[in-house]
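Asks: model the structure of this input:
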Amino acid sequence: MNLSQSINPTDLRDFLKSEGWTVVERGLRDRLYVLENPGFPRRQLVYPMDMSAPDYNESVVSVIEKFADIGRANFRELIYRINSIKDDIIKLRLFSEYQGSSLPLHFASSVVASTEKLLKAAACTVVRPRANHPRLSLAEATQLVDKARFGQTEEGSFVINVSCPILAMDVQGSLTLSDSDQPFVRSVTLSLQRALQQLTNAIERDKLDDLVEDLKKSAAPLVSANLCEAIGGMQDDLIGNSLEFAIQWSPMRKVPDGLHTGRIKIQRDYFSRIEDVRRELRAVEPHNDDTFIGTVERLEGEMGGDGHRSGNVILSLLLPDEGETVRARVTLSVSDYATADKAHMTNGAYVRIRGRLLPGRQPRQLAEMTMFELLTK
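Replies: This next block holds a predicted model:
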């Protein structure tokens, strides 16, 4: 690993300062960062201020190794933390006993898509607070997702790390969080932390009804139906998983006093209650009766006495007005099932289907189907 290309001297300095080390002024005259810590009076951390210095890489490696030894930290993890010092890092950890070391691919894909939706929902709440966002397509939400980065995973359970550079956007949100001087991205991560804490507290204290009523009356609710839907997309009935949420806050901005900054555990029995909140917050939840374009993801039909298959099929549908995809289940006749089978076995094939897409957790139910056809090129 060529650290001289990956770690900036000022980022390393700011990281060490956030860990209690102070810069010795006299070292600056010699173009050196010399840092001391009163907790370790006989240790100094020294490296060049200039990345072009011949011994820059060697010195940085030595500093990180010394710091890792002092704090009993992992060397590679420290590199990641230093490179992400300007980011709030959202950590989502999945716990499951299902097959030990693997997840169904369709569920892993759903979790990643739901993580994006979670971030968009929080951004929309900061810009335009409401109990339900008809669409998550506000420019600020889209820009934030574009700026976010999918970080390296961690050893242990299944972990998603999303780095959000706190100074990436020059936008001012309208949600009042009593810390209006915070950058927009930090306001989004603060909103997300507070919303999930509010939601889990209400579940654990059996106060969900009170929470829903307060959210409906509030002019600036933190919890939205969209946020609840995103959380629901991170649970699978077959796996029976739970979810842990945490944020590694950038030390470049102070976290408000009194904020609960610890991990938030969403146990598997919480998901059904969060779904109830989603339904309540979507005051008038329309049943989408529309024509959809999509792909056939899985065939679940059974063989009939006549030797032909029919039954359930899992689709991935593009929502016409939202620019998002959802997984949906539909029950097909023998002839339509044969069409679905052909689409499933044909690379790049799409189907067109007309019906009523019912609300709920994915895969959602597609009812009252009136058309199912294979699109030809």
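
Asks: got any ranges where the stretch 51-200 of the chain has weak pLDDT?
Replies: Where the stretch 51-200 of the chain drops to pLDDT under 70, the residues are 97-101, 152-157, 171-180.

Asks: mind listing the strands for it?
Replies: In chain order, the stretch 51-200 of the chain shows strands spanning 87-95, 149-150, 158-165, with DSSP state E, counting those that start in this stretch as the criterion.

Asks: reformat the ones you listed as JSON lines; add mean neighbour count.
Replies: To be clear about C-beta, it is placed using only N, CA and C from the backbone, and glycine gets the same treatment. Listed next are those as JSON lines, based on neighbours: other Cβ atoms under 10 Å:
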{"stretch": "strand 87-95", "mean neighbour count": "21"}
{"stretch": "strand 149-150", "mean neighbour count": "12"}
{"stretch": "strand 158-165", "mean neighbour count": "20"}
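
Asks: columns distance to R268 on top of these, output as JSON lines?
Replies: Converted to JSON lines, those look like this (distance: least, Cβ to Cβ, whole Å):
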{"stretch": "strand 87-95", "distance to R268": "9"}
{"stretch": "strand 149-150", "distance to R268": "25"}
{"stretch": "strand 158-165", "distance to R268": "14"}
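
Asks: out of the ones you listed, which gets nearest to H260?
Replies: Evaluated over the strands of the stretch 51-200 of the chain, closeness to H260 peaks at strand 87-95, with 15.2 Å, by Cβ to Cβ.

Asks: tell me the helices and strands packed up against that closest one.
Replies: Under the contact criterion of 3 or more Cβ pairs under 8 Å, 6 or more residues apart in numbering; DSSP states H and E, strand 87-95 touches helix 105-127, strand 158-165, helix 184-204, strand 242-248.

Asks: now with 7 Å, please.
Replies: Based on contacts counted as 3 or more Cβ pairs under 7 Å, 6 or more residues apart in numbering; DSSP states H and E, the elements that strand 87-95 packs against are strand 158-165, helix 184-204, strand 242-248.

Asks: closest to K17 out of the ones you listed?
Replies: Closest to K17 of the helices and strands packed on strand 87-95, according to Cβ to Cβ: strand 242-248, at 16.9 Å.

Asks: any idea how far the following helix or strand past that closest one is from the chain center?
Replies: In the C-terminal direction, the helix or strand that comes right after strand 242-248 (DSSP states H and E) is strand 264-266. On the basis of Cα atoms, centre = their mean, to the nearest Å, strand 264-266 sits 14 Å off its chain's mean C-alpha point.

Asks: what residues sit buried inside strand 264-266?
Replies: Using 16 or more other Cβ atoms under 10 Å as the burial criterion, the residues of strand 264-266 that qualify are 264, 266.

Asks: adjacent strands (with direction) for it?
Replies: Strand 264-266 sits in its sheet next to strand 242-248 (antiparallel), going by DSSP bridges.

Asks: please work out the angle formed by the directions of the strand it pairs with and helix 105-127.
Replies: Strand 242-248 runs at 50 degrees relative to helix 105-127, counting by axes from the mean of the first three to the mean of the last three Cα atoms, to 10 degrees.

Asks: just the residues contacting strand 242-248, thanks.
Replies: Here strand 242-248 makes contact (Cβ atoms under 7 Å, 6 or more residues apart in numbering) with 88-95, 189, 193, 196, 234, 263-268.

Asks: rerun at 6 Å
Replies: The contact list for strand 242-248, computed with Cβ atoms under 6 Å, 6 or more residues apart in numbering, reads 88-93, 95, 189, 193, 196, 234, 263-268.

Asks: now for G262, how many residues are close by?
Replies: 10 (other Cβ atoms under 10 Å).

Asks: give me the nearest residue to it, chain neighbours excluded.
Replies: Sequence neighbours aside, A246 is the residue nearest to G262 in space, at 7.5 Å (criterion: Cβ to Cβ, 6 or more residues apart in numbering).

Asks: can you name the residues that contact the residue most central in space within the chain?
Replies: Geometric centre of the chain, nearest residue: T115, 2.8 Å, by Cα atoms, centre = their mean. Going by Cβ under 6 Å, 6+ apart, T115 touches I160.

Asks: check which helix or strand the residue lying farthest from the centre of the chain maps to.
Replies: Distance from the C-alpha centroid of the chain peaks at D306, with 46.9 Å (Cα atoms, centre = their mean). Counting by DSSP H and E, there is no helix or strand that carries D306.

Asks: coming back round to it: ok, the residue nearest to the centre of the chain to L259 distance?
Replies: Counting by Cβ to Cβ, to the nearest Å, the gap between T115 and L259 amounts to 22 Å.

Asks: what segments of this protein are helices?
Replies: Listed in chain order, the helices of the chain (DSSP state H) span 9-18, 25-28, 56-71, 75-83, 105-127, 139-147, 184-204, 208-217, 225-232, 271-281, 334-345.

Asks: what are the buried residues along the second one?
Replies: So the one you mean is helix 25-28. The neighbour-count criterion (16+ other Cβ under 10 Å) identifies G27 as the buried residues of helix 25-28.
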